[in-house]
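1. Let me see the structure of the following:
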Amino acid sequence: MTSFPADAPLRRVVRTLEALGFHVVRLGPHIALVRDNPDGTRTPLTLPNHRRLKGSTLRTICAQAGISREAFLAAYARSEAALLLAPGAATLPGLTAPQEA
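-> I've put the predicted structure just below:
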């Protein structure tokens, strides 16, 4: 079984959750997200505003949001590809612009 990333960058986790239907509603010491469900209810979610999140924190967040490990990891893998292929990806911390020949 694939495990959660040990030290996941916060920005990538937020992008993953956005891909799973959440959107940011408040920033501060914690990041508040919410997902509008098809039945009219809303699922709130709160993340600590740390640079990196531990795997145990991600497991807890997914459990609270009702997200399966497989769904989160699949969206997390897609978020990496999206970050690498995005036109403005070079402006994200930790990434450099691709070198042209």
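2. On the three-state scheme, the residue nearest the centre of the chain is what?
-> The centroid of the chain falls nearest to Val13 when counting by Cα atoms, centre = their mean (2.0 Å). The three-state label given to Val13 by DSSP: H, G, I helix; E, B strand; the rest coil is helix.
3. can you check Gly28 too?
-> Classification of Gly28 using three-state DSSP returns coil.
4. what residues are up against it?
-> Contacts for Gly28 (Cβ atoms under 8 Å, 6 or more residues apart in numbering) come out as Asn49. No exception for glycine: its C-beta is placed from N, CA and C like everyone else's.
5. How about Asp36?
-> 21, 42.
6. rerun at 10 Å
-> 21-23, 42-43 (Cβ atoms under 10 Å, 6 or more residues apart in numbering).
7. Show the buried residues in the residues you listed.
-> Using 16 or more other Cβ atoms under 10 Å as the burial test, the contacts of Asp36 include 21-22 as buried.
8. So which of the contacts of Asp36 sit within strands?
-> 22-23, 42-43 (DSSP state E).
9. Closest one to Ile61 out of the contacts of Asp36, please.
-> Nearest to Ile61 among the contacts of Asp36: Phe22, at 10.3 Å, using Cβ to Cβ.
10. Verify the contact between the closest one and Gly66 for me.
-> No - look at Phe22 against Gly66 with Cβ atoms under 10 Å: they stay out of range, at 11.5 Å.
11. any shared contact partners between the two?
-> Common contacts of Phe22 and Gly66, defined by Cβ under 10 Å, 6+ apart, comprise 35, 43, 45.
12. Make a markdown table out of the residues you listed and add distance to Ser56 and pLDDT.
-> Conversion of those to a markdown table gives the following (distance: Cβ to Cβ, whole Å; pLDDT from 0 to 100):
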| residue | distance to Ser56 | pLDDT |
| --- | --- | --- |
| Arg35 | 22 | 96 |
| Thr43 | 21 | 93 |
| Leu45 | 16 | 95 |
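13. Only C-alpha atoms, please: export stretch 11-26 in PDB.
-> Presented in PDB, the C-alpha positions along stretch 11-26 are these (Å, rounded to 0.1, in the frame of the first residue of the first chain):
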ATOM      1  CA  ARG A  11       1.000  24.500  -1.700                       C
ATOM      2  CA  ARG A  12       0.800  21.100  -3.300                       C
ATOM      3  CA  VAL A  13      -1.500  19.700  -0.700                       C
ATOM      4  CA  VAL A  14      -3.800  22.700  -1.200                       C
ATOM      5  CA  ARG A  15      -3.800  22.200  -4.900                       C
ATOM      6  CA  THR A  16      -4.600  18.600  -4.400                       C
ATOM      7  CA  LEU A  17      -7.600  19.400  -2.200                       C
ATOM      8  CA  GLU A  18      -8.700  22.000  -4.700                       C
ATOM      9  CA  ALA A  19      -8.600  19.300  -7.400                       C
ATOM     10  CA  LEU A  20     -10.800  17.200  -5.100                       C
ATOM     11  CA  GLY A  21     -13.500  19.900  -4.900                       C
ATOM     12  CA  PHE A  22     -12.400  22.100  -2.000                       C
ATOM     13  CA  HIS A  23     -11.800  25.800  -2.200                       C
ATOM     14  CA  VAL A  24      -9.900  28.200   0.200                       C
ATOM     15  CA  VAL A  25     -12.200  30.400   2.200                       C
ATOM     16  CA  ARG A  26      -9.800  31.900   4.700                       C
END
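14. Nice, that's everything, thank you.
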